[in-house]
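Undergrad: Next one to model:
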Amino acid sequence: MLISWCLSTVVAGLLLHISCTVALGPFEVTDGCEVTKGCFLDPPGCTGAGCNLAVTYTQTGGDETDFQIMARDTDYQGQDFYVAVGISQDEYMGDDSVLDCKYYGGSVRVGMSWNIKNAATKSSDPLTDPLAAIDQSVSSGTYADGFLICNIRRVNSIIGGEEDKVYDLTSPNTYHILIARGAMSSTVDGAKSYHGADKIASVAAVDFFERFSVGAGKSRLLQAHGCLMVLAWAFFAGIGIINARYRQAAAGVKLSCGVERWFVAHRTFMVLAVVCTIAGVVCVFTHVGGWSDMAGVSSNLLKAHPLVGGIVTLLALINPGLALCRPHKDSSKRFLFNWTHRLIGTAALLLAMLNMMMGIMLPQVSGSITSDWMLWLIVILVVVHVTVEMLLLCTSYACCGDSQNVDISGKPIQNSSKSLIESSIIMLYVLFCFFIVVAVIGGMITA
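TA: This next block holds a predicted model:
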């Protein structure tokens, strides 16, 4: 009895351990796309080692589909990680039949699992028999030269057992393809950790009997995150800060509902910036499923994108709270408040500009001509903002005379020529920001 149990355990272990029997390379994976097999590639149109993620599929002529799955080791440096291909009825994780290609313990192993539809746990459980729908005689995997590649032959359908978790691939059934890459669990042997944002989904459902290439769908939440952050910090915040610093004297005698107009404008723009920031954070947290560990991002600088974003959000929330407690304008503490408020706002703006550049450089966005132009547009915007601040500073202290003259009642008199120059500079700045924001948001939507 003991010998029988030991033998069954060894056999089960061997079935779960698929060694490399066929030497697949990146070129072999993508060769023949749209000719002999269908493909889902990232970035679209990539070939061989130029691909970040790839899955191809072709019918064997019987009732099986050959899948070739490839993932570049972007962040794991030979440590345990996996690439998983979800066969899904929609573009989102949950209730998906999954093909697993795992590299851990120095070996490559394949199998099948099931994504549980639970937003809280984000879990994927192996099937009772992970190899029941896989032809083990021709399924294999390899890890070499920074690429994890698996060839998995899966039967198109099964009867009985866990057939509800092994979707029927027979035409005309169609499914979305999800690809995710992540680290293996450090606590549970052979288990996958949640992949975070390192994932893509096909824009359309595919028929696995066809040989077309399908592109990656754009995450609406990720697009919304980027657009909201650009709107908040490349438009609302910059204009709000400029308005508060350089339009006070010009608008000091013009009141709106008892409040100076420069302040109304400043408060409106900054409230809009905070609202857009909060909405952007909600979008990205919903997309990732929590705080992102930036799995799949190799650059330490880019890994700081969530941290810098968190700091920007915190500063954006602190400054309005600080403004609610500002001392009276005649208070001796008003000077301290003014500089603290200004420094926090400036720090938030500069960090936000930096973080927008980092966001554009992330793998989910970078790699296209459009993303290169978006990055340069943000750089130009930063240069223009600093230049405008310098020009306005000059007009305040060195140009067109003293702006602190007052009339007989003690109200400030604005130098008309100085006011015209300042108004012209600010108007040109607003128009420039508008066109930059339109261009960057348009690029994010169409990239």
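
Undergrad: what's the neighbour count on residue 36?
TA: Residue 36 has 10 neighbouring residues, counting by other C-beta atoms under 10 Å. All C-beta atoms are positioned from the backbone trio N, CA, C, and that covers glycine.

Undergrad: Repeat that for residue 188.
TA: As a burial measure, residue 188 scores 9 neighbours (other C-beta under 10 Å).

Undergrad: quick one: secondary structure of it?
TA: coil (DSSP: H, G, I helix; E, B strand; the rest coil).

Undergrad: Now do it, the pLDDT please.
TA: Looking at residue 188, its pLDDT stands at 81.

Undergrad: and if you look at residue 358?
TA: Residue 358 is given a pLDDT of 90.

Undergrad: From residue 97, how far off is the nearest residue to it once chain neighbours are set aside?
TA: Among residues not flanking residue 358 along the chain, residue 305 sits closest, at 4.7 Å (C-beta to C-beta, 6 or more residues apart in numbering). From residue 305 across to residue 97, the span is 32 Å (C-beta to C-beta, to the nearest Å).

Undergrad: cool, residue 28 as well?
TA: Counting by C-beta to C-beta, the gap from residue 28 to residue 97 is 25 Å.

Undergrad: Compare these two and say which is more crowded by neighbours.
TA: Taking other C-beta under 10 Å, residue 28 and residue 97 do not tie; residue 97 has more neighbours (24 against 16).

Undergrad: Is the more buried one in a helix, a strand, or coil?
TA: Residue 97 ends up strand, using three-state DSSP.

Undergrad: so what's it up against?
TA: 86, 87, 88, 112, 114, 165, 166, 167 (C-beta atoms under 8 Å, 6 or more residues apart in numbering).

Undergrad: ok, which stretches of the stretch 101-250 of the chain are helices?
TA: For the stretch 101-250 of the chain, the helices defined by DSSP state H, counting those that start in this stretch cover 220-231, 237-246, 248-251.

Undergrad: Low-confidence ranges, the stretch 101-250 of the chain, go.
TA: Along the stretch 101-250 of the chain, the parts satisfying pLDDT under 70 run over 118-122, 197, 215-219, 248-250.

Undergrad: Confirm for me that residue 439 is in contact with residue 378.
TA: No. Residue 439 lies out of contact with residue 378 (C-beta atoms under 8 Å); the separation is 10.2 Å.

Undergrad: More neighbours: which of the two?
TA: Neighbour totals were compared for residue 439 and residue 378, and residue 378 leads with 21 against 14 (other C-beta under 10 Å).

Undergrad: where does that one land on pLDDT?
TA: For residue 378, the predicted pLDDT is 91.

Undergrad: Kindly provide the distance from it to residue 163.
TA: Computed as C-beta to C-beta, the residue 378 to residue 163 distance reads 51 Å.
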